[in-house]
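K.L.:
Got a sequence here, can you model it:
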Amino acid sequence: MKKALIASLATSALVIGAFAMSASAYVFSNYLSVGSTGNDVVALQSFLVSKGFLTMPAGVAEGYFGSLTKAAVVAYQASVGLPSTGYVGPMTVKVLNAGGSTASTGAATCPAGYSCAPTTPVTFACPSGWTCTPLAGTTGGTVTGASTATGITTPGVEGILSATPGPVSNSVLNGGQLKAPIIDARLQAQDSDIAIQRVTVDLGASTNVFNYVFSNLYLVDPSTGAILTSTPLNASTVVQSGSNYVVNMTGFNFIVPKNTYMDLTVEADVNGSILTQFLGSYTVSIDNQGIRGVDGAGIDQYSSGVLSQSVTINQSLSLNSQVNISLDGSTPVTQSVPVIDTTNGNYLGLPVLTFDMLAQNDNIHIHNLTVKFASTTSAGNITAAYLYNGSTLVTSAAVASNGTAEFQNLPDSGTGSLVIPQNTTAILTVKADVTGVSAPDSVSASIPSFTNIGTVSAPIYSNGLTETFYNSTDGNANTIIGGATGNTVTVLGKGLNVNLAGTIGLSTSGSNSTIGGASPSTTTESITATIPVTLTAVGSNVYFGDQASTSPVFTFNVYDGNGNVIGQGTSGATITGYTSGSAVLPQTGLTITTGSTLTNNGLAAHTWELPQGSNVTLNPTFEISGRLANGVGGFSSYTIGLASVNYQTTYGTAATPLTFMASSTLWRSSSFSTN
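P.N.:
Residues are numbered from 1 along each chain as shown. You can find the predicted model right below:
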């Protein structure tokens with residue numbers, strides 16, 4: 001301390017000596033303000049003392065620009081006709097270098113009412129850390145030199161820097177996570193722009209956090225995502241401060257405009273493999289004065305207070321990777337379809353199942369995938385299966401006699417691979433070759449349900465077939481959750497193909513009546529459902545009776561709120577607890593597609609013939625009473641739907657029923673309630 005004081009006094013003596021010889025002996029090359037230090041400040045203070053503007057306190061060495069020096073500069077500037085700012089800028093430096101008076105500038109003799117400026121350009125060196133702009137009265141001057149505090153728009157103005165905790169998106173981090181936010185500082189600049197040039201990150205008292213947990217730090221502007229600076233964590237970049245370990249992040253210039261706030265986020269790369277003993281919670285801080293900035297007056301400003309954030313480190317997500325399987329909304333609906341090859345009764349490439357596979361926490365490689373098929377006739381009619389990723393064929397497989405198809409040995413990359421990127425969903429479709437269809441064959445496919453299967457090649461069928469999924473990080477097993485069961489698709493070799501032709505309509509009419517003031521035991525209220533369908537004759541002529549025949553084509557179900565069938569009827573039948581009205585397919589007013597030759601010529605009454613390849617659109621209706629026959633209240637959340645469509649491929653034989661629609665809500669009305 002004594003050596004420093006002696007050196008300072010010696011420097012002061014030299015500078016004072018220079019002023020004693022000549023007022024212009026010392027050349028000022030830097031602009032000065034509160035907080036400045038160095039030989040320029042010593043020379044300035046010596047000059048002000050010699051002119052009687054400054055009295056240095058006893059025992060205080062020259063060399064620091066403080067409040068007393070600023071007051072002396074203000075007095076001096078006023079004495080020579082300069083703006084009294086207390087800031088030693090271009091005008092004041094010019095006067096000092098000219099000998100301490102304004103005589104050489106012409107300012108002292110400038111006539112009243114005029115603004116005077118030098119006619120000869122003067123060059124000044126801009127001090128390090130400043131942005132210099134000629135002020136009024138320096139017209140014709142030029143400025144040289146670079147500035148590290150670029151972007152400051154408030155030169156000469158002191159500011160205040162404050163910092164508060166900002167938001168961090170997630171305080172739980174996983175091994176292998178890159179550029180994960182670990183702490184955020186919300187910076188506010190008051191009165192002046194402040195150029196932030198250093199952030200010191202406190203990693204805590206344990207060396208584990210930079211040896212085994214974090215590998216790199218980044219300082220990021222979250223408003224743009226720009227990385228301002230970064231540093232690896234090692235023995236060269238991490239230093240000990242007291243009992244803790246800190247990292248200085250420098251080499252950037254981040255401007256916080258005056259009277260606004262901006263965030264700075266510290267992000268980290270987490271090591272991919274972390275030993276169990278290094279998992280857990282860590283506290284990352286920005287300590288008191290851990291953030292340094294420069295204001296418009298060139299003064300260093302520091303944050304106050306401690307900002308801290310607790311982060312929890314877990315194992316790599318790849319060790320917890322998971323596959324979620326579910327039915328996709330675009331899966332084929334419950335329907336009937338005619339074969340494409342009517343000669344051989346084949347439908348090759350029939351879409352039967354669309355399902356989703358969501359890869360969580362890592363990329364997922366599918367190696368084996370098993371699909372189970374079911375058929376009302378024989379699974380032997382399903383000979384081959386195909387797996388598509390979107391519209392791209394991945395692979396194919398034969399269907400075994402037990403109805404299983406296993407897509408085996410899919411590669412990790414290239415043609416035939418199925419890799420689902422992390423946190424994305426693949427939409428997969430299964431198609432099948434259905435062959436030799438004569439009688440209606442109802443086909444369905446499924447991916448069996450899983451519940452937290454976490455072992456590789458977990459057997460899920462009695463014959464030992466498996467699903468095998470791997471993640472991309474370590475090739476370990478994944479948890480598999482969920483399953484997908486497709487709707488039933490009925491394939492017709494020949495017969496009557498049935499499809500919905502529009503929206504199912506529902507209407508009510510009439511009203512309840514009351515007997516003797518008690519609950520009504522009779523009612524005129526009724527509910528009517530209209531179900532538009534298109535019928536197509538496939539492979540042969542088709543015959544069916546209307547609702548007035550002894551074998552009506554349509555049978556209807558009434559369902560309660562739980563989907564249970566509480567009654568069935570055709571026309572005029574009594575449904576348990578309900579009295580049905582007439583559900584009649586009219587003999588006139590049929591909507592017949594162009595080319596159809598629907599006729600009942602020469603057939604029994606109320607019987608119709610639809611020639612092969614022809615189709616007709618019908619709108620059968622079904623009506624039920626709105627009240628229980630025994631007078632006990634109405635009902636709620638009930639629906640009406642088709643139960644079966646009955647037809648003959650040979651006139652006069654027993655009818656063949658199509659019943660696939662009975663299990664599908666697609667073929668039911670909206671729910672209704674009555675009083």
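
K.L.:
does V209 really touch S281, like I thought?
P.N.:
No: taking contacts as C-beta atoms under 8 Å, V209 lies outside contact range of S281: 10.8 Å. Quick note: C-beta positions are derived from backbone N, CA and C, even for glycine.

K.L.:
Looking at the two, which is more packed in?
P.N.:
V209 (21 against 10; other C-beta atoms under 10 Å).

K.L.:
List the contacts of that one.
P.N.:
L203, Y245, Y282, V284 (C-beta atoms under 8 Å, 6 or more residues apart in numbering).

K.L.:
wait, which of the residues you listed is closest to A78?
P.N.:
Nearest to A78, judged by C-beta to C-beta, of these is V284 at 51.1 Å.

K.L.:
Show me what the helix or strand hosting the closest one packs onto, helices and strands only.
P.N.:
Per DSSP states H and E: V284 is located in strand 280-286. With contacts defined as 3 or more C-beta pairs under 8 Å, 6 or more residues apart in numbering; DSSP states H and E, the packing partners of strand 280-286 are strand 180-190, strand 194-202, strand 307-314.

K.L.:
CA atoms only for the helix or strand hosting A43 - export them in CSV, please.
P.N.:
Assigned by DSSP H and E, A43 falls within helix 39-50. Extracted in CSV, the C-alpha atoms of helix 39-50 (Å, rounded to 0.1, in the frame of the first residue of the first chain):
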residue,chain,number,x,y,z
ASN,A,39,-2.2,9.6,-15.9
ASP,A,40,-4.8,11.8,-17.7
VAL,A,41,-6.7,12.1,-14.4
VAL,A,42,-3.5,13.0,-12.5
ALA,A,43,-2.6,15.7,-15.0
LEU,A,44,-6.1,17.1,-15.0
GLN,A,45,-6.3,17.2,-11.2
SER,A,46,-2.8,18.8,-11.0
PHE,A,47,-3.9,21.4,-13.5
LEU,A,48,-7.2,22.2,-11.6
VAL,A,49,-5.2,22.4,-8.3
SER,A,50,-2.7,24.9,-10.0
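
K.L.:
what bridges to T468?
P.N.:
T468 has the following beta-bridge partners by DSSP bridges: N368.

K.L.:
ah, wrong one, I meant S507
P.N.:
T528.

K.L.:
ok, now which ones touch it?
P.N.:
Taking C-beta under 8 Å, 6+ apart, we find S507 in contact with I527, T528, T530.

K.L.:
want to try CSV for those residues, with neighbour count, pLDDT and distance to D295 as columns?
P.N.:
CSV is the format used below for the contacts of S507 (neighbours: other C-beta atoms under 10 Å; pLDDT from 0 to 100; distance: C-beta to C-beta, whole Å):
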residue, neighbour count, pLDDT, distance to D295
I527, 24, 78, 80
T528, 17, 81, 81
T530, 18, 86, 79
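
K.L.:
mind giving me CSV with the residues you listed and columns for distance to I640?
P.N.:
Listed next are the contacts of S507 as CSV, based on distance: C-beta to C-beta, whole Å:
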residue, distance to I640
I527, 7
T528, 9
T530, 10
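
K.L.:
before we move on, the earlier item: out of the helices and strands packed on strand 280-286, flag the one nearest G89.
P.N.:
Closest to G89 of these is strand 194-202 (C-beta to C-beta; 18.3 Å).
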